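In: Got a predicted structure here, sequence first:
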2 protein chains.
Amino acid sequence: MVNRKEQIVNRATYCIKKHGYDSFSYKDLSDMVGITKATLHHHFPKKEDLGIAVCERIKVKFEDLTNQIDQLQEAKEKFIFLMENLPNELGEGDICPISSLQSEYNIIPASMQALITQLCNIEYSLLLDILEAGIADGSFKFSGSPESMAMVIITAYKGALQYSRAMNNDVIGTVVEQIFKLVLSNEEISLK
Amino acid sequence: MVNRKEQIVNRATYCIKKHGYDSFSYKDLSDMVGITKATLHHHFPKKEDLGIAVCERIKVKFEDLTNQIDQLQEAKEKFIFLMENLPNELGEGDICPISSLQSEYNIIPASMQALITQLCNIEYSLLLDILEAGIADGSFKFSGSPESMAMVIITAYKGALQYSRAMNNDVIGTVVEQIFKLVLSNEEISLK
DNA sequence: GTCTATACAAAGATAGAC
DNA sequence: GTCTATCTTTGTATAGAC
């Protein structure tokens, strides 16, 4: 059992990536975790409390990611690492939980909306810093500002995860590869 | 009253752009349209029937858009027009209904999933044709294939609409401007 | 086409025992 | 922490009258 709270948050995050916040229920979690709805309510009285915990957990994951990236030297290395790890641990057909909650932005509680805004800004800053470093050291080259390019990269990446669900081809692979072509000054890149 | 069915589909589309398919109810529509839930069920017996009608309507809108674009001469004109009209008639804070349904892909009926796939492909082909024409006549210039670039553009555009909800700055404006910089060979473009 | 009334299931949530 | 039992509200849907 170890840490039940953590286990619940994990399963809830899974549900948000698969089905969305409004579309999963305590009944679903009850089945997955193997405890009753009442027990779930003991740990997270309101669904909002659970939603907040999910967002906080993503925030921690971003801090981990930032630390990992800080250990890398070159902007190019950092960029490739980020592109491979932007949304934490996605399974086949999963979308980024942040994207999922953006879609449902108008129906989630204000407390969660504020956290989503924070997460978007953290993610954006993380990428922007890398782009600026890459421009500075000459390993990146693209039209427009690093700010604009960062927004295009994040939105394309997240959008690609969503499109992957409905399109047959490897949308996310195609998009990531194209992003590399648009950003790296040396176009001869083969990812993985 | 004119055409009640159409009116209902319009309102349902609105709800999907604002809240998502699973998160709006016949009660919501009842209040908006001013008829009872029972009457709504008379027009669209199951919610799935209404969902299908919404998708079919988007398909018609794409046909209209294609016709409008066919009347334009230059690839560049076509591209700008498409970028201004990709998702039909969005209000402030709306996301593209296709994106919304991609987020909920795992919970919508198979009939709707198939239609969403169709819509994604129609939209992609529309953009791809324009990019290929622009490359052919020299008005566009970018690294990578038109296929990859088309995917980046569509996913960034749709992703930007979602990010606009959570971020303060003008995400969609920034992204569209940056896309122009990445695609047009003459970088001196000011949109609108 | 539209209504009232109603059925039925699911969702979020609480009380109280163990 | 976990359970059984229960409550309340909402969502989808149907029956039958006007």
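Out: Looks like it came in fine. Numbers count the residues shown, from 1 in each chain, chains lettered A, B, ... in the order given.

In: drop to CA atoms for contacts and neighbour counts, all remaining ones
Out: Will do.

In: gap between the residue nearest the centre of chain A and DNA strand C?
Out: Taking Cα atoms, centre = their mean, the centroid of chain A lies closest to residue A:87, which sits 2.9 Å from it. Using Cα to the nearest atom of the strand, to the nearest Å, residue A:87 is found at 24 Å from DNA strand C.

In: what does residue A:93 give?
Out: 21 Å.

In: helix or strand right after the helix or strand that contains residue A:15?
Out: For residue A:15, the enclosing helix or strand under DSSP states H and E is helix A:4-18. Counting by DSSP H and E, the next helix or strand C-terminal to helix A:4-18 is helix A:26-33.

In: for the record, mean pLDDT for that following helix?
Out: Averaging the model's pLDDT scores along helix A:26-33 yields 98.

In: same deal with stretch A:56-71?
Out: pLDDT averaged over stretch A:56-71 gives 98.

In: show me the contacts for the residue nearest to the centre of chain A.
Out: A:96, A:97 (Cα atoms under 8 Å, 6 or more residues apart in numbering or on different chains).

In: what about it, is that helix, strand or coil?
Out: Here residue A:87 is coil, with the state taken from DSSP: H, G, I helix; E, B strand; the rest coil.

In: Next, find the distance separating it from residue B:166.
Out: 17 Å (Cα to Cα, to the nearest Å).

In: same thing with residue A:78?
Out: Counting by Cα to Cα, the gap from residue A:78 to residue B:166 is 26 Å.

In: cool, residue A:77 as well?
Out: Taken as Cα to Cα, the span from residue A:77 to residue B:166 is 29 Å.

In: In terms of pLDDT, where does the closest residue to residue A:44 other than its chain neighbours sit?
Out: Closest residue to residue A:44 in three dimensions, ignoring its sequence neighbours and counting by Cα to Cα, 6 or more residues apart in numbering or on different chains: residue A:50, at 5.6 Å. Note on residue A:50: pLDDT of 98.

In: got it, and residue A:186?
Out: Confidence for residue A:186, expressed as pLDDT, is 70.

In: before we move on, what about residue A:190?
Out: pLDDT for residue A:190: 48.

In: Same check on residue A:21?
Out: 98.

In: Return the residues in contact with the closest residue to it other than its chain neighbours.
Out: Among residues not flanking residue A:21 along the chain, residue A:101 sits closest, at 6.9 Å (Cα to Cα, 6+ apart). Residues in contact with residue A:101 (Cα under 8 Å, 6+ apart) are A:16, A:20, A:21, A:108, A:116.

In: If we use 10 Å, what do you get?
Out: With contact set as Cα atoms under 10 Å, 6 or more residues apart in numbering or on different chains, residue A:101 has these partners: A:16-17, A:20-22, A:51, A:55, A:107-108, A:112-113, A:116, B:103, B:162, B:166.

In: try residue A:71
Out: residue A:78.

In: Now do the phi/psi pair for it.
Out: Backbone torsions for residue A:71, taken as degrees, to the nearest 10, come to phi -80, psi -20.

In: so how far is chain B from it?
Out: The spacing between residue A:71 and chain B, counted by Cα to the nearest Cα, to the nearest Å, is 29 Å.

In: Quick one: list the elements packing against the strand or helix carrying residue A:63.
Out: Per DSSP H and E, residue A:63 falls inside helix A:47-70. Where contact means 3 or more Cα pairs under 10 Å, 6 or more residues apart in numbering or on different chains; DSSP states H and E, helix A:47-70 is packed against helix A:4-18, helix A:37-43, helix A:75-85, helix A:97-103, helix A:110-136.

In: Alongside DNA strand D, which residues does chain A contribute?
Out: A:1, A:4, A:5, A:34, A:35, A:36, A:37, A:38, A:39, A:42, A:43 (Cα under 7 Å from any atom of the strand).

In: and if we set it to 6 Å?
Out: Residues of chain A that fall close to DNA strand D, judged by Cα under 6 Å from any atom of the strand: A:4, A:35, A:36, A:38, A:39, A:42.

In: with the residues you listed in mind, which one is nearest to residue B:138?
Out: Minimum distance to residue B:138 across the residues of chain A next to DNA strand D is 60.2 Å, recorded for residue A:4 (Cα to Cα).

In: I'd assumed residue A:33 was in contact with the closest one.
Out: Yes - the criterion here is Cα atoms under 10 Å, and residue A:4 meets it with residue A:33 at 8.8 Å.

In: So those two - more neighbours on which side?
Out: More crowded of residue A:4 and residue A:33, by other Cα atoms under 10 Å in any protein chain shown: residue A:33, with 17 against 13.
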